[in-house]
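*Asks:* I would like the atomic coordinates for the input below:
(one chain, ligands or ions: 3)
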Amino acid sequence: MSVDLKSPADVEGMRIAGRLGGELLDFLTPLITAGVTTGDIDRAAHGYMVDVQHTIPATLNYAPPGYSPYPASLCTSVNHVVCHGIPGDRKLKDGDIINVDVTVIKDGYHGDTSRMFFIGKPSIQARRLVEITYEAMWRGIRAVRPGAHLGDIGAAIQRFAEGHGFSVVREFCGHGIGRRFHEEPQVLHYGRPGTGLKLQPGMVFTVEPMINAGKAAIRALADGWTIVTADHSLSAQWEHTILVTGEGFEVLTVSAGTPAPPPAPA
Ligand code: MF3
Ligand code: CO
Ligand code: CO
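*Replies:* Numbering: from 1, shown residues only. Ligands and ions are numbered 1, 2, ... in the order given. Have a look, this model is predicted:
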């Protein structure tokens, strides 16, 4: 396994790409309301990336081995969709929850981030799932420091999510990121403390837990991309791109509208 350590110039490029990813979500936020289709969000995102940011939508025509080219400029995953939801004619309606996951490329560097949004008023369970998933991501991020292990991140996320009665999706994970969209290492969202790769300053990877209200099992739809919960329970996800620094971590995908971190646990 070879994990790339970013140079100072790489880190500067990743900071810019990361901020632009956050700013794209900021731009989309007011649009994500009842009556809008996920395709509308995709078209707005494409225009903003290409015409305003001069970034490239990394997901458009992205085709890892065994996949057909992904047909859109972002992923929109509504309710029981876990990830990789393809934008289309579906109208958002009151009570929906949606993950919007964007990856921009600027000067060759990738910035990958996602947030959850409520359409109108969420159910109590939906709100709780989204909030617990947000804190789970942050528990994982706060485990990042030189000398810590990848397993510390997964363990922190798993313990918190399962402690609240939710389950962690196993088949998808965080990933190294840089000039390539998906690099080593794989960042599992479950695991045991003290196991796995030891973290070093200069590593950059995403933390992006997918947490289900019901069981962890998933299945893929016939489009080859969309992943749903097998039991049709709600699923939530948040994502940031993280740099391992000399002291701890730096969140690269920050922008003016990035939600505040939750209070640090006592
Ligand atoms: N942005 C997703 C991630 O966090 C990957 C989406 S790939 C796509 O890794 F092709 F589905 F868009
Ligand atoms: Co993403
Ligand atoms: Co990612």
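*Asks:* Where does pLDDT dip in this protein?
*Replies:* Counting by pLDDT under 70, the chain has low-confidence residues at 1.
*Asks:* any idea where the helices of it begin and end?
*Replies:* Using DSSP state H, the helices of the chain run over 8-28, 38-47, 124-142, 150-163.
*Asks:* residues from the stretch 101-250 of the chain in reach of ligand 2?
*Replies:* Contact residues (Cβ under 5 Å from the ion) of the stretch 101-250 of the chain with ligand 2: D101, D112, E239. Using the backbone N, CA and C atoms, a C-beta is placed for each residue, glycine as well.
*Asks:* Next step: those residues restricted to strands.
*Replies:* Among those, the members found in strands (DSSP state E) are D101, D112.
*Asks:* Just the buried ones from the residues of the stretch 101-250 of the chain next to ligand 2?
*Replies:* Neighbour-count burial (16 or more other Cβ atoms under 10 Å) is assigned, among these, to D101, D112, E239.
*Asks:* Now do the contacts for the closest residue to L60 other than its chain neighbours.
*Replies:* Once flanking residues are discounted, L60 sits nearest to S73: 5.0 Å by Cβ to Cβ, 6 or more residues apart in numbering. Neighbour list for S73: D42, A45, H46, M49, P57, T59, L60, V102 [criterion: Cβ atoms under 8 Å, 6 or more residues apart in numbering].
*Asks:* With K6 instead?
*Replies:* By Cβ under 8 Å, 6+ apart, the contact list for K6 reads M14, G178, G202, M203, V204, L243.
*Asks:* try T133
*Replies:* Contacts of T133 by Cβ under 8 Å, 6+ apart are M116, A161, F166, P209, I211, A236, Q237, W238.
*Asks:* Up against ligand 3, what does this protein have?
*Replies:* For the chain, the contact set with ligand 3 under Cβ under 5 Å from the ion comprises D112, T206.
*Asks:* now do 6 Å
*Replies:* Proximity of the chain to ligand 3 is confined to D112, H175, T206, E208, E239 under the rule Cβ under 6 Å from the ion.
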